[in-house]
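> here is my input; please provide its structure:
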Amino acid sequence: MNSSLGFTQVNFLDARHRGQFNGTEDTGLDPYRVGGSNIPGFKNAPAAELVNDNGQLKSTDEIRQWLYANGYKSDHPVVTICNTGMQASMLAHIISIAVPEISPRVYNGSMKEMELRDPKRISGGRSHLPN
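The predicted structure is shown next:
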């Protein structure tokens with residue numbers, strides 16, 4: 001990991017579905033511009049997994065357990081990302097409810113901006129090629 005980006009000192013959380021993160025589902029990214037489906041060093045923490053079958057948020061304890069299971073470190077700041085910012089915003093809001101002592105940040109441009117500004121950075125996982 002590139003320590004100059006702070007990957008060891010920041011919780012970089014990708015809020016997209018696991019299939020998008022891993023490249024087994026359509027990522028919404030141009031596979032001819034990017035070489036992968038995620039940014040190396042980011043941890044996958046899908047926001048949708050924090051909603052139960054009734055469409056309600058899981059309990060605070062369940063959310064905290066889920067965060068730790070997905071690589072969250074309580075002594076590090078949080079930055080969330082997704083494709084366009086919506087899932088990242090949802091994840092940041094849920095984290096702020098479950099862990100009120102931190103203030104998560106959202107990378108607003110998310111993966112679509114990274115695809116335009118620095119597509120080579122999206123090099124982790126598989127590149128999803130359309131059928």
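> low-confidence stretches in the chain?
Within the chain, the ranges that satisfy pLDDT under 70 run 1-7, 130-131.
> quick one: the helices in this structure?
Secondary structure of the chain by DSSP state H: the helices cover 18-22, 60-69, 86-98, 110-117.
> His17 reaches Ala47, doesn't it?
No - here His17 does not reach Ala47: they are 9.0 Å apart, not a contact under Cβ atoms under 8 Å. For every residue, glycine as well, the C-beta is placed using N, CA and C.
> shared neighbours, the two?
Between them, His17 and Ala47 share no contacting residue under Cβ atoms under 8 Å, 6 or more residues apart in numbering.
> neighbour count winner among these two?
Set side by side, His17 and Ala47 show more neighbours around Ala47, with 23 against 18, by other Cβ atoms under 10 Å.
> need the contact list for Pro119.
33-35.
> returning to what we had before: got CSV for the helices of the chain, with distance to Gly124 and mean neighbour count too?
As requested, the helices of the chain are arranged in CSV below (distance: least, Cβ to Cβ, whole Å; neighbours: other Cβ atoms under 10 Å):
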stretch, distance to Gly124, mean neighbour count
helix 18-22, 9, 19
helix 60-69, 20, 14
helix 86-98, 17, 20
helix 110-117, 12, 17
